[in-house]
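S.K.: Sharing a model that was predicted from the sequence below.
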Amino acid sequence: MTELLTGLSQEVVSGIALGCIYALVALGFTLIYRATEVVNFAQGELMMVGAYVNFFLVSRISANLGITGAWMYFIAFMGALLFAIIFGIILDLVINRPLRDQPVFSVIMATISISIILRALVAMIAGPFTHIQSSPFGDGVVSFNKIAISVQDVFIIFCAIVLVILFYIFFRKSRWGVAMQATSADPTAAQLMGIPVKKVYRLVWIFATLVATVGGILLAPKTLLDTNIGFIGLKAFPAAVLGGFGSVPGAIFGGVILGIIETISAGTLSYHFAWIKEINDVIPWLVLIAVLMVKPDGIFGIAKVKKV
Amino acid sequence: MLKLVGVETFYGKVKALHGVSLEVQKGQLVCILGANGAGKTTILKTISGLVSPEMGTVRFEGRRIDQMDPEEIVALGISHVPEGRRIFPELTVYENLLMGGFLIESGDLLRERLEATYDHFPLLKKRRHQLAGTLSGGEQQMLAISRALMLKPKLLLMDEPSLGLSPLLVRNIFRTIRRLHESGVTILLVEQNVNLALQIADYGYVLSNGKIFISGTYEELIEEEKVREYYLGEGKYIRRSRLWSG
Ligand SMILES: Nc1ncnc2c1ncn2[C@@H]1O[C@H](COP(=O)(O)OP(=O)(O)O)[C@@H](O)[C@H]1O
Ligand SMILES: [Mg+2]
């Protein structure tokens, strides 16, 4: 019995860590959805690109500059964030701006194309290999009365919390954060206030790329790095629906819940009920369907106030 | 101060303004009247840059503004209180005002303007941490006007500020507009409430199907048979002198 509890607790923590990653990706597309009503299906691929850039930088920094250890990871991390900013600006320029006056549907198709192009491009540049991304914390674990938790998981949870707090402060307290909310709610009224909505949209894409990149960097050591890692990002979609599509707290909450469900079903549940193993991959989607049937607005469901 | 000459504005292929010319002098309160769909809102949107005219020019203080972005036009000193108020319902009253002052760089100046607004509308101060969507219609209109005044505009565009308000609140709004006008703000007002509008306006334009079909002062317009028939209804208008007594 205690063994079961220990196992479950471990899975919950590990599930929260995985969920934090879903939450970051879900946060990214929630931001874009709120601001532009576009569901960005490339969000998972942004995560994948971020993870690859980080991997590339880590190996270059150690090979070419001879820097290793904590500095190597830190510099690579910063480099990947810088890349994310530039990448976000480019995405705004190629997806958002030219398609601004087109139906939302066209923009969504464009994000799907971008996701395919990105996967192909990365496979072309990096080769069709599976890489192993080392963690700055190695296989380190911390344990609290018999529950062993990997340091990487703790770090993931820590980073996600810090990011969410930063976002919260930015949105509630800063002029540009409030302007972003205003633009999401009513771009025309925002323009009449003198808010430069084009810059706001650019900022939204930069943020979405940044959170995806952080998600990718944090996720890579937990799994293997290949071009299909973006499909994990796609699971952020049921996460966002679970929390209530379009709600920022919902995206975070939904992500964490989904991470926990998934880890427990892959662990303890599969161990006790062999058949669960067979359906592990579809569990997020089963959750999605269940939520849509029972509470279509999600847990934090926001009423749709749409102005014309 | 503001001058439109032969302005033609389209929505896609549909022409909404068929060569509109009008002028607002500094310090004036000018009113645009006209039935639904006449193009009143489109005139204001053209001035504030939300839509660009295909033909004609819009000049503000001698400078052409017809191809500028809305944010540039706001920065020149034209603020627009849009039709239907368009406050940000999920932001607080304070945040709405903050957005009205988005272009103010100095924190001191911003605080000063906020204080001035709260002095004018103590109610907004009381509700400053409330979500704007929870305000009543009249309060939302006050907020929409205050928000536009945060930048101390030289010219204020107002689109049907009395729409959907009770008669008492309509009078309140008109008092506010008159007070603003008297304090020196130049105003271009779009109204359906012809009686009230003409009585506070220095000059009125009557718009029909995207064309100015008549213009003049209050006295001139109420004498005009057509205006009376279309918009006033015989005998329904109140004398200017009696309006503010009650
Ligand atoms: N966004 C739009 N797209 C297409 N047509 C529009 C749009 N806005 C207004 N119109 C048309 O332009 C004309 C003028 O509209 P508007 O300026 O809103 O009139 P008013 O404010 O006087 O009621 C109307 O015929 C209206 O149907
Ligand atoms: Mg109108």
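M.R.: Okay, I see it. Ligands and ions are numbered 1, 2, ... in the order given.

S.K.: Can you report how many residues lie near residue 102?
M.R.: Going with chain A. Neighbours of A:Gln102 under the rule other Cβ atoms under 10 Å in any protein chain shown: 11. (Glycine included, C-beta is placed from N, CA and C.)

S.K.: hm, I was asking about chain B
M.R.: 22.

S.K.: do the one 3 residues further on as well
M.R.: Other residues near B:Glu105 come to 9 when the count uses other Cβ under 10 Å.

S.K.: Sticking with it, tell me its helix or strand.
M.R.: Using DSSP states H and E, B:Glu105 falls within no helix or strand.

S.K.: what's it sitting at in phi/psi?
M.R.: The phi/psi pair for B:Glu105 (degrees, to the nearest 10) reads phi -80, psi -40.

S.K.: where exactly do the strands run in the chain?
M.R.: No chain specified, so I'll use chain A. A:141-144, A:147-150 (DSSP state E).

S.K.: Chain B is the one I meant
M.R.: Going by DSSP E, chain B shows strands at B:2-11, B:14-24, B:29-34, B:55-60, B:63-64, B:78-81, B:155-159, B:186-190, B:203-208, B:211-216.

S.K.: Distance to ligand 2, mean neighbour count and mean pLDDT for those strands - can I get that in CSV?
M.R.: Shown next, in CSV, are the strands of chain B (distance: least, Cβ to the ion, whole Å; neighbours: other Cβ atoms under 10 Å in any protein chain shown; pLDDT from 0 to 100):
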stretch, distance to ligand 2, mean neighbour count, mean pLDDT
strand B:2-11, 13, 18, 96
strand B:14-24, 11, 18, 95
strand B:29-34, 9, 24, 93
strand B:55-60, 18, 18, 96
strand B:63-64, 25, 10, 96
strand B:78-81, 12, 26, 97
strand B:155-159, 6, 25, 96
strand B:186-190, 7, 24, 96
strand B:203-208, 10, 22, 91
strand B:211-216, 16, 17, 89
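
S.K.: first vs last residue of stretch B:153-164, how far apart are they?
M.R.: 25 Å (Cα to Cα, to the nearest Å).

S.K.: okay but B:Tyr203 is in contact with B:Thr217, surely?
M.R.: Yes: if you go by Cβ atoms under 8 Å, B:Tyr203 and B:Thr217 touch, sitting 5.9 Å apart.

S.K.: what do the two both touch?
M.R.: The overlap between the contact sets of B:Tyr203 and B:Thr217 (Cβ atoms under 8 Å, 6 or more residues apart in numbering or on different chains) is empty.

S.K.: Give me the distance between the nearest residue to A:Val141 once chain neighbours are set aside and ligand 1.
M.R.: Nearest residue to A:Val141, sequence neighbours excluded (Cβ to Cβ, 6 or more residues apart in numbering or on different chains): A:Ala148, at 4.6 Å. As judged by Cβ to the nearest ligand atom, to the nearest Å, A:Ala148 and ligand 1 stand 61 Å apart.

S.K.: If A:Ala148 is in a bridge, with which residues?
M.R.: A:Ser143 (DSSP bridges).

S.K.: Verify the stated contact: it with A:Gln10.
M.R.: Yes: the criterion here is Cβ under 8 Å, and A:Ala148 meets it with A:Gln10 at 6.5 Å.
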